[in-house]
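>>> sequence unknown, structure follows:
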DNA sequence: AACGTGACACAGC
DNA sequence: AGCTGTGCCACGT
């Protein structure tokens, strides 16, 4: 039994990210009501279970800042490109178009 | 209970 | 994506 922690909520939202879409740490934090805890979201991914597509979560500018934390730094870009998302120099192209806002999509 | 940490975000230059 | 500095909140020890 896991106690309801901020991390658990982050994983839940991250799992809801549709295929071919990406979101930012701040968006998830804001959806959880902890807008100022954007850093926490990233830290939460440190223990991200395999069900959580952490590769779909990037910073607000579309940079794959957390790619370095994957088994292989290149794996993150590979997964994104596999979902029809263009990634050049660790930066997601048309980030605004691929951006998935849980507050809007899930309807807070 | 306190200090340090952390894959960010925002304001100022 | 301009770059640098500061603030932020929740978790781990």
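Nice, thanks for sending it over. Computed from a predicted model, the values in this text were never measured in an experiment.
>>> and chain A, which residues reach DNA strand B?
Residues of chain A lying near DNA strand B by Cβ under 7 Å from any atom of the strand: A:24-27, A:29, A:37-43, A:45-46, A:48, A:54, A:57, A:59-61, A:65-66, A:68-70. C-beta: built from backbone N, CA, C; applies to glycine.
>>> among those residues, which are in helices?
A:25, A:26, A:27, A:29, A:38, A:39, A:40, A:41, A:42, A:43 (DSSP state H).
>>> Now the buried members of those.
For those, a burial check counting by 16 or more other Cβ atoms under 10 Å picks out A:25, A:26, A:27, A:29, A:38, A:40, A:41, A:42.
>>> For the residue nearest to the second one when sequence neighbours are not counted, which residues are in contact?
Beyond its immediate neighbours in the sequence, the residue positioned closest to residue A:26 (Cβ to Cβ, 6 or more residues apart in numbering) is residue A:38, lying 4.1 Å away. Applying Cβ atoms under 8 Å, 6 or more residues apart in numbering, one finds that residue A:38 lies in contact with A:24, A:25, A:26, A:29.
>>> Also residue A:60?
A:24, A:25, A:26.
>>> distance of it from residue A:50?
For residue A:60, the distance to residue A:50 equals 26 Å [Cβ to Cβ, to the nearest Å].
>>> Show me the beta-bridge partners of the residue nearest the centre of chain A.
Geometric centre of chain A, nearest residue: residue A:57, 1.7 Å, by Cα atoms, centre = their mean. Residues in a beta bridge with residue A:57, per DSSP bridges, are residue A:23.
>>> And for the one residue in chain A that gets nearest to DNA strand B, the neighbour number?
Residue nearest to DNA strand B within chain A (Cβ to the nearest atom of the strand): residue A:66, separated by 1.7 Å. Counted with other Cβ atoms under 10 Å, residues neighbouring residue A:66 total 19.
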